[in-house]
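Q: just to be clear, the model below is a prediction. Sequence and coordinates:
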Amino acid sequence: MTITVSKEDYLKAVAEAEAEGNPVISATLAHWLAVTRPAVTAALKRLKKDGMVTVKSDGRILLTSQGRQVAEQIIFRHHLIERMLSEIFDMPWYEIHEEAERLEHAVSPAFEKKLVEKLGNNDICPHGNSLALRSPAARRKKGQRLLSEAEEGFQYRVASVYERDRKLLDFFEGEGIRPGVQLTIQTRNYDGTVTLAVEKRAIRLGAPAAERIWVEKA
Ligand SMILES: [Zn+2]
Ligand SMILES: [Zn+2]
């Protein structure tokens, strides 16, 4: 069971790091999954043997179509679990990611079917993320941009937020920033921060936070 979980986690990490536009090498995975380099090497050996990944001569790790299928299925299940926790159990949106990280591995095909029946086939999770819009390029094509690049004087709607940082989500919640919320860019400041109006409150946001939020014109 432990081996299966870590295998799924590795494949998901490759898919997610790739979707963020990073070249995926074993150091990326060690950092992403907080494991040692030898652990990554051992896992990659198994995944290669199973036909889930290939490793290029320059060290880049690529998913095979089979590996991608497993990764996308686990991401889909992750989103379903988050929706279940949020929509059925009313768990706060900023608390559900860690729970889904654990539960996603326990979802059987039969339970997945039940969840889809209950929740509908919509893949957008409570953080605004979906399988269809994972890469920055795909998001930009849909008219989304990072909040750090939003234009002064315009009103935007929060499309999605980066969900793998619990402290950041708590911070966003405290500032009233969550998917669906409308905000206006008041000024872009010389120190790289932006001043926003969120529900009539002015907030100054630094680049590390503003680069974690995708917005679209409201
Ligand atoms: Zn999540
Ligand atoms: Zn999510």
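A: Received it, and whenever you're ready, just let me know what you need. Ligands and ions are numbered 1, 2, ... in the order given.

Q: quick one, helices of this structure?
A: For the chain, the helices defined by DSSP state H occupy 2-19, 26-33, 37-49, 65-83, 96-103, 109-119, 136-141, 166-174, 207-210.

Q: okay, the residue of the chain positioned farthest from its centre and Ala42: tell me how far apart.
A: Residue farthest from the centre of the chain, counting by C-alpha atoms, centre = their mean, is Tyr190 at 29.4 Å. Plainly put, Tyr190 is 49 Å away from Ala42 if you go by C-beta to C-beta, to the nearest Å. Heads up, the C-betas are built off the backbone N, CA and C, glycines and all.

Q: same question, Ser86
A: To Ala42, Ser86 is 36 Å away according to C-beta to C-beta.

Q: who has more neighbours, those two?
A: Per other C-beta atoms under 10 Å, whichever of Ser86 and Ala42 has more neighbours is Ser86, with 19 against 13.

Q: name all residues that make contact with that one.
A: 93, 96, 126 (C-beta atoms under 8 Å, 6 or more residues apart in numbering).

Q: per-residue pLDDT of the first one, please?
A: Meaning Trp93. Predicted confidence (pLDDT) for Trp93: 96.

Q: next one: the second one
A: Note for Ile96: predicted pLDDT of 97.

Q: is it true that it touches Leu85?
A: Yes. At 4.4 Å, Ile96 counts as touching Leu85 under the criterion of C-beta atoms under 8 Å.

Q: okay, these two: which has more neighbours?
A: Higher neighbour count among Ile96 and Leu85: Ile96, with 24 against 20, using other C-beta under 10 Å.

Q: who are the contact partners of that one?
A: By C-beta under 8 Å, 6+ apart, the neighbours of Ile96 are 81-82, 85-86, 126.

Q: so which of the residues you listed comes closest to ligand 1?
A: Among those, Glu82 lies closest to ligand 1 (C-beta to the ion), at 5.4 Å.

Q: find the nearest non-adjacent residue to whichever residue of the chain sits closest to ligand 1, please.
A: Residue of the chain nearest ligand 1, by C-beta to the ion: His97 (3.6 Å). Of all residues not flanking His97 in the chain, Glu163 sits nearest, at 4.8 Å (C-beta to C-beta, 6 or more residues apart in numbering).

Q: contacting residues around the one you found?
A: By C-beta under 8 Å, 6+ apart, the contact list for Glu163 reads 97, 125, 127, 129, 169.

Q: from Pro208, how far out is the closest residue to Glu173 other than its chain neighbours?
A: Closest residue in space to Glu173, ignoring its immediate chain neighbours: Tyr94 at 4.7 Å, by C-beta to C-beta, 6+ apart. Applying C-beta to C-beta, the value for Tyr94 to Pro208 is 17 Å.
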